[in-house]
Structure formats: C-alpha cells, structure tokens
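Visitor: I would like to see how this sequence folds:
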Amino acid sequence: MQAKEIPYDPDLARSIAARMEEHSGLAFLDSGHGDWQGKYSGLFWNPVLWIWEDNQGVWSTTPQGKPTFMGTDLWAVLRQVMAQEKTWPLPEEGMGPLIGYLSYDWAVRNLLPPSPEPLAVFALYRQGLWLDHGQQRAWLVGEEGRGGVAKRLADKPREREFRLLAPGITARWSAQDYAQAFARVQAYIQAGDCYQINLSQAFTGRWQGHPWPLYERLRERSRAPFSAYFAHPFGTILSVSPERLVQLYNGQLEARPIKGTRPRAQDPSADRYLAKELQESPKDRAENLMIVDLLRNDLGKVALAGSVAVPKLFALESYDQVHHLVSTIRARLGSGLDGWDALAAVFPGGSITGAPKKRAMEIIQELESLPRGIYCGSLGYMNQHGNMDWNILIRSVELRHDGYLQFHGGGAVVADSCWESEYQECLDKVAVFQRVLEEFLPHPEDLCTVMQFARGELI
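Guide: Purely as a prediction, here's the structure:
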C-alpha cells in the first residue's frame, strides 16, 4: 500500500465526502476549515474491519462477514488489531488507520442496565485521504489513484435530504426539573461528596433521510478543530467539538480541557465585553483550575515522573458560537506504556464529569438517570506509529438507525453556582443545534423549540 501525494485543496475531503456512496462507512475527521488548532483533516471510507463492544463483550466483523466474539477486553483487542496493521503508509503525524469512538456509557457500563446500543465502535481503514493544512499538502492512501479522485470530483454531489420530524426538538427537563437536579448537586457539594459536577440534560427528536446535509449545515455555522462525521453500522455521529481529550505524538501527551463559557454577541463591543468578563470571572477560573488539577492527576498515572506541566492556563479561545476558557496540560508518556494506556487513564474527560471524578460519575448517573450515549464520550484515531488524537464528544448529535436523534447540553455546577445561569449556559451550548435542526422541519407550524421549553411554555 502506498500514499500518493495529490494537489492540495482545503475543501477536498468535504467535496469527496459529498459524493460518497450511502454505505461506505465514511469517517471524516474535520479540523473545522484548517483552524490553527486543527492542522490536519482526514477522510476514510470502505473499512475492512469493524470492532465494537456491547453489554455482552467485544465483537468484530468484516463488511460481508458474521460477527465474531473477541472477548471482554476492548484494549487487548485493539492492541491486537494494530499490532497486525503494518501497511498504513502515512508518516508519524498522519491520521488513521483505526478510527472510532467510546461512548460516555462505556465508562459507567457497570452502573447501567443492559442495552442493545453499542458502547464503543471502531473501524480499520485501508483507503483514505489526509490533508496537512499547515503545509498545504494532500495524500491519497489505498487503491484509488488520482484518476479516481478526479472522477469523483467530476461527479455531481449526491442528492441527499435530511428531515427533522414534528414536533421538532424536545427537552427532557423543564427549567424546574433542572432546578431540582441542581439543588441535589448542591446538597452533595455541601455534604462533601464532590466539589464540581457536570450536570447535563438531553434534547431529542426524530429524523428521516441522510445525515450528511445536517453535518454540512452544522460545520458552516459552528467551525471547530475537532469536528467529525462517523457513519458506523449502528448510526451516525456528527460532531463540531472544540475540545481535545488527549493527544499522543512522539511520546508527548497533551490534554486541553475547556471549562468556562460565554455566548458570542453580534455587536463587537458586547462580544469583547463577554470575552473579558469570562477571562476575569473568579468562578470560571476556579472551575477550570479544578479540572486542570484533575487532569494533572489523570495524566500522572501514565506519565514519566516529574514531566507533567501546564504551559497554558485560562487561555481565551473564541469560536463561532461561544467563548471558552481553555488550559493545556502536557506530559511525557511513561516507559512501557502506550496510547491505549493513556486513553484509559483520562477517559472520560474530567471537564465533563466533575471532581473527584469517580464520585462525580456516580452522582451524574443518579441524577440524569438515562444513558448519555455518545455525549461526553470521545472520538478519534490511532495510527500505526502509536500516535493518536481524541476529542470530547460535546456539541455532537447522535443519529440512530431507529429514527431517533439525541444531543445534550451541560455545564459545571460548583458551590457558588446559580441554577438560572447554569441552565442558560446549557441552552447557549446547544442553541446552534436547535436552530440548524429546526431549519429541516418540513413545516414552520411544526416548530417546537428548546427555548419554549426553557420558558415553561410547553410541558
């Protein structure tokens, strides 16, 4: 197998994806138009192997084969698959060939009742396209040569339609429901069980058609460096995530937790005020520092002694929809350990659980009661050199094959939090999904919005 360099076009991966067959197992690791944090993008299709875990164990199958039971240790299976994969020709920083996700529920599977939904899904690819936006170069991997790419681009994009069905988006909790859960979190904090909980709620709907038009609309409105489109046998994940869980490159680990959010304003002066208010907020800085300490501890489990450092603390990052406070933690991977060890040590991310992590996850399970699904899970890749990059699946929609979709909004609750502002932060984070999804309603009179639920106008 070879990697052939082809002419660079920053929109090449999206253009090819728009022309792909319906059932190609498409994986698009999308850097959000080549933003500074997202230097690379990758597009992969026609996987040769699927691996997934459900409540019975770990399974694998080829596209035309029957499922084979692989045991109960997902990490062992993934290590075995990658140990046998020697033909992927991209350099050390290249994406692929193993791409997949862990749902948040994978981390709390012992607390959940049995479910037919997968807990994790991975795909092994031998065809793909890799873009280095920094160097403005592109490589094609696999059997399809330049002529094949040119032929694809000469074709018209496939006619696809996505529809959100009436009554639109339904919020699981009213404002009053959220206030009650918030009060219980405060009681746990006062009792000393925890000092930060990421409390979230689900928003659901029904859909028909093909997910691709929805993803294109989302990436237009909310560019993000860790965006992704992943079509797997059980559904499709659409993510416009700004957050990195963990990266491993040449032995260096990096985590970039987000904690602290303000909405963007159209008026430039108002927007600058919101950004400055976030940067100077003692509460948001304290929340961020709690998670930095948690992640220093998580990375310390697999790091070379004395190597954990925090080169950036409370950095402001501004995206299309929100401002964020983001910190950076780095460490050297310890001797005899690999990327799967590192991923296991930090998953799920502390920024979307709370602190201390184990007790926070137990409280989340009690108060939210329903599975989170992909929300706050992680999607990413492992390459043949052992390097990897994984996002946190926030700002993400899960489209299931049974016609239901789900996304979540959440935020950190600490001792001095106010339930009204925390609830509004949840709505701010999902506002782009509300607006974009409702654009796909067939009739305006079907509109049933998240904000109406928030105001208590619908029950």
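Visitor: For the protein, which residues score under the pLDDT cut-off?
Guide: 32-38, 143-148, 444-459 (pLDDT under 70).
Visitor: Centre-most residue in it?
Guide: residue 393 (2.1 Å; CA atoms, centre = their mean).
Visitor: Got phi/psi on that one?
Guide: phi -80, psi 70 (degrees, to the nearest 10).
Visitor: again with residue 12
Guide: Reported as degrees, to the nearest 10, the phi and psi values for residue 12 are phi -60, psi -50.
Visitor: I'd assumed residue 130 was in contact with it.
Guide: No. Judged on CB atoms under 8 Å, residue 12 makes no contact with residue 130 at a distance of 10.3 Å. (Each C-beta comes from the backbone N, C-alpha and C, glycine too.)
Visitor: Comparing those two, which shows the higher neighbour count?
Guide: Between residue 12 and residue 130, counted using other CB atoms under 10 Å, the more crowded position is residue 130 (23 against 19).
Visitor: gap between the more buried one and residue 162?
Guide: Separation of residue 130 from residue 162 (CB to CB, to the nearest Å): 28 Å.
Visitor: show me the contacts for residue 30.
Guide: By CB atoms under 8 Å, 6 or more residues apart in numbering, the contact list for residue 30 reads 13, 14, 38, 41, 219, 227, 228, 229.
Visitor: Contacts for the host helix or strand of the fourth one, please.
Guide: Translated: residue 41. Using DSSP states H and E, the element containing residue 41 is strand 40-44. Here strand 40-44 makes contact (CB under 8 Å, 6+ apart) with 13, 16-17, 26-31, 34, 93-97, 99, 123, 125, 127-133, 381.
Visitor: Now do that strand: distance to the chain's middle.
Guide: Centroid displacement of strand 40-44 relative to its chain, using CA atoms, centre = their mean, to the nearest Å, is 15 Å.
Visitor: right, and the helix or strand after that strand?
Guide: Criterion used, DSSP H and E; the element after strand 40-44 is strand 49-54.
Visitor: Mind listing the strands that following strand pairs with, and their directions?
Guide: As defined by DSSP bridges, the strand partners of strand 49-54 come to strand 57-61 (antiparallel), strand 120-124 (antiparallel).
Visitor: Would you state the helices of this structure in chain order?
Guide: All helices of the chain, identified by DSSP state H, fall at 12-17, 74-83, 104-107, 146-154, 175-191, 212-221, 268-279, 282-300, 339-346, 357-368, 419-438, 450-454.
Visitor: Give me the helices and strands touching the biggest strand by length in the chain, please.
Guide: Longest strand in the chain, counting residues (DSSP state E): strand 196-209. When contacts are defined as 3 or more CB pairs under 8 Å, 6 or more residues apart in numbering; DSSP states H and E, strand 196-209 sits against strand 162-164, strand 170-171, helix 175-191, helix 282-300, strand 354-355, helix 357-368, strand 404-413, helix 419-438.
Visitor: still on that earlier bit, got the angle between the strand holding residue 41 and strand 120-124?
Guide: 80 degrees (axes from the mean of the first three to the mean of the last three CA atoms, to 10 degrees).
Visitor: Each with direction, which strands does strand 40-44 pair with?
Guide: Under the rule (DSSP bridges), strand 40-44 has strand 27-30 (antiparallel), strand 128-132 (antiparallel) as partners.
Visitor: ok, and what's touching the longest one?
Guide: By that I understand strand 128-132. Outside strand 128-132, the residues that touch it by CB under 8 Å, 6+ apart are 3, 8, 10, 12-13, 16, 34, 39-45, 90, 93-97, 137-142, 149.
Visitor: Just the CA coordinates for stretch 67-75, please, in CSV.
Guide: Output in CSV follows, covering the C-alpha atoms of stretch 67-75 (Å, rounded to 0.1, in the frame of the first residue of the first chain):
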residue,chain,number,x,y,z
PRO,A,67,-19.8,-11.2,14.0
THR,A,68,-17.0,-13.0,15.9
PHE,A,69,-16.8,-12.8,19.6
MET,A,70,-13.4,-11.4,20.6
GLY,A,71,-13.5,-11.5,24.4
THR,A,72,-14.2,-8.9,27.1
ASP,A,73,-11.1,-6.7,27.0
LEU,A,74,-11.5,-3.9,24.4
TRP,A,75,-8.0,-2.6,24.8
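Visitor: What is the distance between it and the centre of its chain?
Guide: That offset, for stretch 67-75, works out to 24 Å (CA atoms, centre = their mean).
Visitor: Please list the outside residues in contact with it.
Guide: Stretch 67-75 has contacts (CB under 8 Å, 6+ apart) with 51, 53, 56, 57, 58, 59, 60, 61, 77, 120, 340, 344.
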